[in-house]
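Okay, sequence plus prediction incoming.
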Amino acid sequence: MSSVKVECVVKEHYEIGESPVWEENDASLLYVDISGQKICRWSSLTNQIESMPTETFVGCVVPRRCGGYVIGEGTCFAAVDWQKRSISTIAQVDTDKTNTRLNDGKVDPAGRFFAGTMGLEVRPAELERKQGSLYSLNSDRSVVKHFDQVDLSNGLDWSLDNHFFYYIDSLSYMVEAFDYDIHTGRISNRRSVYQLEKDEGIPDGMCIDAEGKLWVACYNGGRVLRIDPQTGTRLQTVKLPVAKTTSCCFGGKDYTDLYVTSACKGMDEESKTQQPEYGGIFKVSGLGVKGIPPYSFAG
């Protein structure tokens, strides 16, 4: 194994840093601060951060083929014009509910934007169970609901051959797989591929590498796991200097670096003293594997 190096590259203390996406054209990392209610872009070349406020919790952000971005904000899919700093609603989800919000999301290889909802917290760290659903936004702006009874919709990605969809409902403490039809966007045959161990934390955001293995950020676990979804085995554990690791994506030159977001919401002062880089974004290099470029929403 090559020597793995972990460094904090974005030293801001984000409440809930999430949804990292590498933008190859200008070597930038796109991401959100969910409860900090903003979309951010960090340039790896200049180390500058640009940000744009949102009106409510913003769970995820993805690039759009025609320019700009699409976000999951509150219970809306919305278009972002980064130049004009404007946000306009595309479609609404969970229209029969008042107690949910969109959380993690990602674009499939055909350009559909998948994102799921979760129940809002009634008390700190205690959310309403089984309130969420998984949705996808098609290029024609139609929305498909795939299933409901979700606690906390989170990490998602697709196998390299497009035959499988991987998914995390965090409070199930496992990574699941579905058969995937890339032509219709339909999912079927739900099953578990990896059950987290007690000390590994809560499975959060995830991404896939060029070898078809999954990288899962573990909230309250301070680590990212590399999992083989074919065999259900853990291949590698990368420890981070903060406990609340939230998501990850590959980026950098040839997608050889793994960027990991983190959160500080709910941390006490003692934990912050022990973890001074709390809420920051980390670059993990020397992993010896590459990621794949992200897909953009087709609509």
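Looks like it came in fine.

Heading C-terminal from the least confident helix or strand in the chain by mean pLDDT, find the next helix or strand.
Using mean pLDDT, DSSP states H and E, strand 121-123 stands out as the lowest-scoring helix or strand of the chain, at a mean of 70. Past strand 121-123, further along toward the C-terminus, the next helix or strand under DSSP states H and E is strand 126-127.

Could you list the residues in contact with that following strand?
Met118, Gly119, Leu120, Glu121, Asp151, Leu152 (C-beta atoms under 8 Å, 6 or more residues apart in numbering). Any C-beta I mention is one placed from the backbone N, CA and C, and that applies to glycine too.

tell me which element the first one is part of?
So the one you mean is Met118. Using DSSP H and E, Met118 falls in strand 113-119.

Double-check that Lys272 belongs to a helix.
Yes. Lys272: assigned to a helix according to DSSP: H, G, I helix; E, B strand; the rest coil.

now it: how far from Glu7?
Relative to Glu7, Lys272 is positioned 19 Å away (C-beta to C-beta, to the nearest Å).

what residues are up against the closest residue to Asp26 other than its chain neighbours?
The shortest distance from Asp26 to any non-neighbouring residue, by C-beta to C-beta, 6 or more residues apart in numbering, is to Ser43 (6.7 Å). Applying C-beta under 8 Å, 6+ apart to Ser43 gives the contacts Asp26, Ala27, Ser28, Ile49.

quick check, nearest of these to Tyr69?
Ser28 (12.0 Å; C-beta to C-beta).

Let me know the secondary structure of Tyr14.
Assignment for Tyr14 (three-state DSSP): coil.

surely it meets Met267?
No. Here Tyr14 lies out of contact with Met267, judged by C-beta atoms under 8 Å, at a distance of 11.7 Å.

Need the single longest strand in the chain, by residues.
Using DSSP state E to define each element, the chain has its longest strand at strand 186-195.
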